[in-house]
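Asks: Any chance you could fold what I've pasted below:
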Amino acid sequence: MDCLYCEVGRTNELTLTRKPYVPAEKLLDELRHWRDEHSDNLPDYVTLGGSGEPCLNSDLDTIIKGCKQILPSVPVAVLTNSTLLCDPEVQEALMEVDAVLPSLDSLVDKEFAKLNRPCGGVKAAHVAECLVKFSDTYNGKIFLEILLSQGVNDSQENLTLLKEYVTSLQPHRVDVTTLSRPGAFSLAKAVDPAVRKVWQTALSECITRFDANGSANQQHATQENAPPAAATQSATGNFADLPEQDRSAAKQRVLESLTRRPQTPSQLAIALTLPLSNVQESLNILENEGAIYKSEQDRTATLNTDEPFYSCQ
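Replies: Next up, the predicted model:
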């Protein structure tokens, strides 16, 4: 896919061919190195994502098993655009993970084609069917992800179809999001928070779970998706765990993070657990050196933030 909203840029090659695009051992060596440096601060999940579709990597099974060997107490999750969930090898690999976060932004063909810009032959109905077939045999958690782009897939037609689909699929949670960073194409714009809230409520109410007595009750999944309060406070530096990080190290960490995706100063402070003042100082230096730049205001006007986004050159 070459999605309009992709935060890591445009996709130059569209393919359904699985290959070891990044060898398993390279990724697992990096994870081992990270574990050895952070053994006292384990993550909530090891999440397979990255720049591209993780399920295209034919080493996926080896990567998943390696993650569980390196960090046996940490659950593994996979982000996927759902296009390969009918592939038997992909299904077999994903049976080992604790959570799958599949995307399905629209069930309206013209919206799906416009927003997700998929490889030839990939249709919304087929992606939806693959996800259902996968969920029939998968025992882990499914957190369905839907990203809304203003004027593209936020139609009433799409909402109606997705309500029917979620009622049938019964994922453990539905996460309705919108752009929080500049997308690959200027056409992609964030929806109004009120619109997102309507979608969150409507789709969450389609999820039914049963209690020990067999009685149905409603799960409002959006509450589960709320970030911890400390995450917001860390942007001010109050909870940052590296307050004495020296200037060169902070600058390098900020630059490495920006090579992955555009971010605001507050987003960087939260992600890197650095005081906001340290982050801003690093950004100023990197911008003066020409290593990064601020996104143009017309690209960020609908992202519900007053902060500028910084990107790598």
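
Asks: all contacts plus neighbour counts: C-alpha atoms, from now on.
Replies: Fine.

Asks: for the stretch 201-313 of the chain, what spans make up the helices?
Replies: 229-233, 247-258, 265-272, 276-289, 297-300 (DSSP state H, counting those that start in this stretch).

Asks: Serialize these to JSON lines and add fields for mean pLDDT, mean neighbour count and distance to Ala113.
Replies: Output for the helices of the stretch 201-313 of the chain, formatted as JSON lines (pLDDT from 0 to 100; neighbours: other CA atoms under 10 Å; distance: least, CA to CA, whole Å):
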{"stretch": "helix 229-233", "mean pLDDT": "32", "mean neighbour count": "13", "distance to Ala113": "35"}
{"stretch": "helix 247-258", "mean pLDDT": "89", "mean neighbour count": "16", "distance to Ala113": "29"}
{"stretch": "helix 265-272", "mean pLDDT": "88", "mean neighbour count": "22", "distance to Ala113": "30"}
{"stretch": "helix 276-289", "mean pLDDT": "92", "mean neighbour count": "18", "distance to Ala113": "36"}
{"stretch": "helix 297-300", "mean pLDDT": "66", "mean neighbour count": "15", "distance to Ala113": "22"}
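
Asks: Need those helices in a markdown table (columns: distance to Ala24).
Replies: Shown next, in a markdown table, are the helices of the stretch 201-313 of the chain (distance: least, CA to CA, whole Å):
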| stretch | distance to Ala24 |
| --- | --- |
| helix 229-233 | 31 |
| helix 247-258 | 21 |
| helix 265-272 | 25 |
| helix 276-289 | 32 |
| helix 297-300 | 36 |
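
Asks: What count of nearby residues applies to Asp192?
Replies: Neighbourhood size, Asp192 [other CA atoms under 10 Å]: 15.

Asks: how close does it sit to Asp306?
Replies: 15 Å (CA to CA, to the nearest Å).

Asks: Could you give the number of residues near Thr11?
Replies: Residues near Thr11, counting by other CA under 10 Å: 15.

Asks: wait, what's in contact with it?
Replies: Taking CA atoms under 8 Å, 6 or more residues apart in numbering, we find Thr11 in contact with 1-2, 52.

Asks: Just the element for Gly66, please.
Replies: helix 60-70 (DSSP states H and E).

Asks: Mind giving me the packing neighbours of the helix or strand following that helix?
Replies: Sequence-wise, the next helix or strand downstream of helix 60-70 (DSSP H and E) is strand 76-80. Secondary-structure packing of strand 76-80 (3 or more CA pairs under 8 Å, 6 or more residues apart in numbering; DSSP states H and E): strand 46-48, helix 60-70, strand 99-102.

Asks: Listing partners with orientation, what would you give for strand 76-80?
Replies: strand 46-48 (parallel), strand 99-102 (parallel) (DSSP bridges).

Asks: With only the CA atoms kept, save the helix or strand just after that strand in CSV.
Replies: Scanning forward in sequence from strand 76-80 by DSSP H and E, the next helix or strand is helix 88-94. Extracted as CSV, the C-alpha positions of helix 88-94 are listed here (Å, rounded to 0.1, in the frame of the first residue of the first chain):
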residue,chain,number,x,y,z
PRO,A,88,-1.2,-19.8,5.1
GLU,A,89,2.4,-19.1,6.1
VAL,A,90,1.5,-15.6,7.4
GLN,A,91,-1.4,-17.2,9.4
GLU,A,92,0.8,-19.8,10.9
ALA,A,93,3.4,-17.3,12.0
LEU,A,94,0.8,-15.0,13.5
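
Asks: for helix 88-94, packing partners?
Replies: The contact analysis (3+ CA pairs under 8 Å, 6+ apart) places helix 88-94 against helix 60-70.

Asks: Show me what counts as buried in the helix it packs on.
Replies: 60-61, 63-68 (16 or more other CA atoms under 10 Å).

Asks: what angle sits between that helix and strand 76-80?
Replies: If you take axes from the mean of the first three to the mean of the last three CA atoms, to 10 degrees, helix 60-70 sits at 150 degrees to strand 76-80.

Asks: name the helices or strands packed onto helix 60-70?
Replies: Helices and strands touching helix 60-70, as assessed by 3+ CA pairs under 8 Å, 6+ apart, comprise helix 24-37, strand 76-80, helix 88-94.

Asks: 10 Å instead?
Replies: In this structure, helix 60-70 makes packing contacts with helix 24-37, strand 46-48, strand 76-80, helix 88-94, judged by 3 or more CA pairs under 10 Å, 6 or more residues apart in numbering; DSSP states H and E.

Asks: ok, and what's touching that helix?
Replies: Contact with helix 60-70 is made by 18-20, 22-29, 31-32, 35-36, 46-48, 54-55, 57, 72, 74-78, 89-97, as judged by CA atoms under 10 Å, 6 or more residues apart in numbering.
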